[in-house]
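Q: turn this into a model:
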Amino acid sequence: MDATQTRTLQTESARSRAELARNWVKVQPSLMAFVVASTPQFSDAEDLLQDVAAEIAIRYDEYDNSRPFLPWALWIAKIKIADFYRGKRRDRVLFMGEAMDALADACSRVQQLMTEERDLLEYCLDQLTERSRRLLGLRYSDDLKPKQIADELGTSMGSVRVTLSRIRTTLMDCVQKRAAGEANVGN
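A: Predicted coordinates for the structure are as follows:
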């Protein structure tokens, strides 16, 4: 193998690792919920989630990136959970078959809803003025209290509270209107 081929493989490998990391970050909360609901103790769920992550990393080259990542990751989680119970040699398995499939489907639906809501919120945030986005950033990204924001902006704490309340109401209205509009488009 020459140097060009080696660099090409390294670049593809780095791209694949980055894609895996992006996919994992998106689905990790849903996988954790699925694993926690499928195991008797939280400590078992934490260990199982690590096993799932390792298995996903090992088998990532088998993943078809034209399909959604979460169902594939849930399939691996189901296998790991079944292995966990077989390893415990339990006579009674709490979640197998249809129950586990129903739980996996619910996790997929919740993940989809969270993605849709995040997209709606991002759209609505883009519609705000720069000043409103800055105020939200100071409050929620920088975690400043209204008094600290007022001091930084040279305004009153009451004004900051009222403005933040109005911004949140505007965002809520925007998200609800967009969601209703998208729901009507689907009908």
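Q: send me stretch 154-165 as PDB with only the CA atoms.
A: The C-alpha coordinates for stretch 154-165 follow below in PDB (Å, rounded to 0.1, in the frame of the first residue of the first chain):
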ATOM      1  CA  GLY A 154     -27.300  48.600  32.000                       C
ATOM      2  CA  THR A 155     -31.100  48.100  32.500                       C
ATOM      3  CA  SER A 156     -33.400  47.100  35.300                       C
ATOM      4  CA  MET A 157     -33.900  43.600  36.500                       C
ATOM      5  CA  GLY A 158     -37.600  43.900  36.000                       C
ATOM      6  CA  SER A 159     -37.100  44.900  32.400                       C
ATOM      7  CA  VAL A 160     -34.900  41.800  31.900                       C
ATOM      8  CA  ARG A 161     -37.500  39.500  33.400                       C
ATOM      9  CA  VAL A 162     -40.400  41.000  31.400                       C
ATOM     10  CA  THR A 163     -38.300  40.800  28.100                       C
ATOM     11  CA  LEU A 164     -37.300  37.200  28.800                       C
ATOM     12  CA  SER A 165     -40.900  36.300  29.500                       C
END
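Q: what does it contact?
A: The list of residues contacting stretch 154-165 from outside it, by CB atoms under 8 Å, 6 or more residues apart in numbering, reads S132, L135, L136, R139, P146, K147, I149, A150, L153. C-beta here means a position set from N, CA and C on the backbone, and glycine is covered the same way.
Q: out of these, which are inside helices?
A: S132, L135, L136, P146, K147, I149, A150, L153 (DSSP state H).
Q: how about TSV for those residues, with neighbour count, pLDDT and distance to V175 added?
A: Formatted as TSV, the ones in helices among the contacts of stretch 154-165 follow (neighbours: other CB atoms under 10 Å; pLDDT from 0 to 100; distance: CB to CB, whole Å):
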residue	neighbour count	pLDDT	distance to V175
S132	17	93	15
L135	20	92	18
L136	18	90	14
P146	19	91	23
K147	12	93	28
I149	21	93	23
A150	17	94	27
L153	15	91	26
